[in-house]
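S.K.: how would this look folded up:
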Amino acid sequence: GKRVVVIDLDLEAPGLGPLLGAESSRGALDFLVDHMATGETNFDGLAVPASVLDEDGERVRVISAGQLRAGYLEKLARLDYAATTHASGRAEDSPVELALRALLFSCRREHPDFILIDARAGLHDLAGISLHRLAHVDVLVTRASEQAHQGFDLALDALARRKGRGNLSCVVVHAMAQVEGTP
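M.R.: Model (predicted):
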């Protein structure tokens with residue numbers, strides 16, 4: 001019964017829009033690039049219902065990564081993650097972080113109870129910003145492999161340093177875990 005906005009920020013391997021039956025002409029990448037170029041926050045047509053959820057689809061709005069067609073990779077290359085540092089030594093947020101904050105603020109138009117961000121493991125720039133700088137609760141999904149454990153440990157260490165050990169709100173999900181008694 002909750003209203004949810006789901007944002008596909010896995011820009012290198014997008015797929016949340018098609019998975020949830022929520023295709024639109026614009027996506028998160030379009031919003032980010034447009035905001036960085038113009039400062040505009042055009043949210044029109046960005047969040048669409050998750051049609052695979054039938055009648056519940058109206059409560060779940062999806063912002064896909066964007067249309068995978070000519071120009072997608074060019075837009076992806078335009079993302080500027082570099083933060084600037086003033087002469088005073090004070091760091092300023094990167095253009096991508098400012099655009100991502102504008103996207104999250106614009107999601108308020110949907111009156112969500114929750115905003116879920118689908119991103120890579122937190123080791124990539126955009127996922128790192130959303131995980132380490134913007135999330136209220138971090139949900140880390142891992143599975144049993146040496147590579148996954150190494151990345152998971154790195155992400156947890158970074159979260160602990162960034163958010164302080166006393167106030168880290170984190171949920172760990174072990175994906176593809178064997179159910180006891182099954183092969």
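
S.K.: for residue 10, helix, strand, or coil?
M.R.: coil (DSSP: H, G, I helix; E, B strand; the rest coil).

S.K.: Next, work out how far apart it and residue 28 are.
M.R.: 10 Å (C-beta to C-beta, to the nearest Å). C-beta: built from backbone N, CA, C; applies to glycine.

S.K.: following the helix or strand bottoming out on mean pLDDT in the chain, which helix or strand shows up next?
M.R.: Using mean pLDDT, DSSP states H and E, helix 125-129 stands out as the lowest-scoring helix or strand of the chain, at a mean of 60. Later in the chain than helix 125-129, the nearest helix or strand by DSSP states H and E is strand 138-142.

S.K.: Given that following strand, what are its sheet partners and their directions?
M.R.: Its sheet considered, strand 138-142 pairs with strand 170-174 (parallel) by DSSP bridges.

S.K.: any idea of the mean pLDDT for the strand it pairs with?
M.R.: Mean pLDDT, strand 170-174: 74.

S.K.: Show me the shaky parts of this structure.
M.R.: Scanning the chain for pLDDT under 70 picks out the ranges 83-91, 121-136, 161-168, 176-179, 181-183.

S.K.: which helices and strands sit right next to the longest helix seen in it?
M.R.: Under DSSP state H, the helix in the chain containing the largest number of residues is helix 146-163. Under the contact criterion of 3 or more C-beta pairs under 8 Å, 6 or more residues apart in numbering; DSSP states H and E, helix 146-163 touches strand 138-142.

S.K.: ok, residue 106 - how many residues close by?
M.R.: Residue 106: 18 surrounding residues under other C-beta atoms under 10 Å.

S.K.: what helices or strands is the helix or strand hosting it leaning on?
M.R.: Using DSSP H and E, residue 106 sits within helix 95-106. Secondary-structure packing of helix 95-106 (3+ C-beta pairs under 8 Å, 6+ apart): helix 28-38, helix 125-129.

S.K.: re earlier: need the residues touching each of residue 10 and residue 28.
M.R.: Residues within reach of residue 10 and of residue 28 at once, by C-beta atoms under 8 Å, 6 or more residues apart in numbering, are residue 65.

S.K.: more crowded one of the two?
M.R.: Between residue 10 and residue 28, counting by other C-beta under 10 Å, residue 28 is the more crowded of the two (26 against 19).

S.K.: My read is that that one contacts residue 16, right?
M.R.: No. Using C-beta atoms under 8 Å, residue 28 makes no contact with residue 16, being 9.7 Å away.

S.K.: how far is the longest helix of the chain from where the chain is centred?
M.R.: Centre-to-centre, helix 146-163 and its host chain are 17 Å apart (C-alpha atoms, centre = their mean, to the nearest Å).

S.K.: Just the CA coordinates for it, please, in CSV.
M.R.: Written as CSV, here are the backbone C-alpha positions of helix 146-163 (Å, rounded to 0.1, in the frame of the first residue of the first chain):
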residue,chain,number,x,y,z
GLU,A,146,35.4,-14.4,-3.3
GLN,A,147,35.0,-11.4,-5.6
ALA,A,148,31.7,-10.4,-4.1
HIS,A,149,33.1,-10.7,-0.5
GLN,A,150,36.1,-8.4,-1.4
GLY,A,151,33.8,-5.8,-3.0
PHE,A,152,31.3,-6.1,-0.1
ASP,A,153,34.1,-5.6,2.5
LEU,A,154,35.4,-2.6,0.6
ALA,A,155,31.9,-1.0,0.4
LEU,A,156,31.2,-1.6,4.1
ASP,A,157,34.6,-0.1,5.1
ALA,A,158,33.8,3.0,3.0
LEU,A,159,30.4,3.3,4.5
ALA,A,160,31.7,3.0,8.0
ARG,A,161,34.3,5.7,7.3
ARG,A,162,31.9,8.0,5.5
LYS,A,163,28.9,7.8,7.9
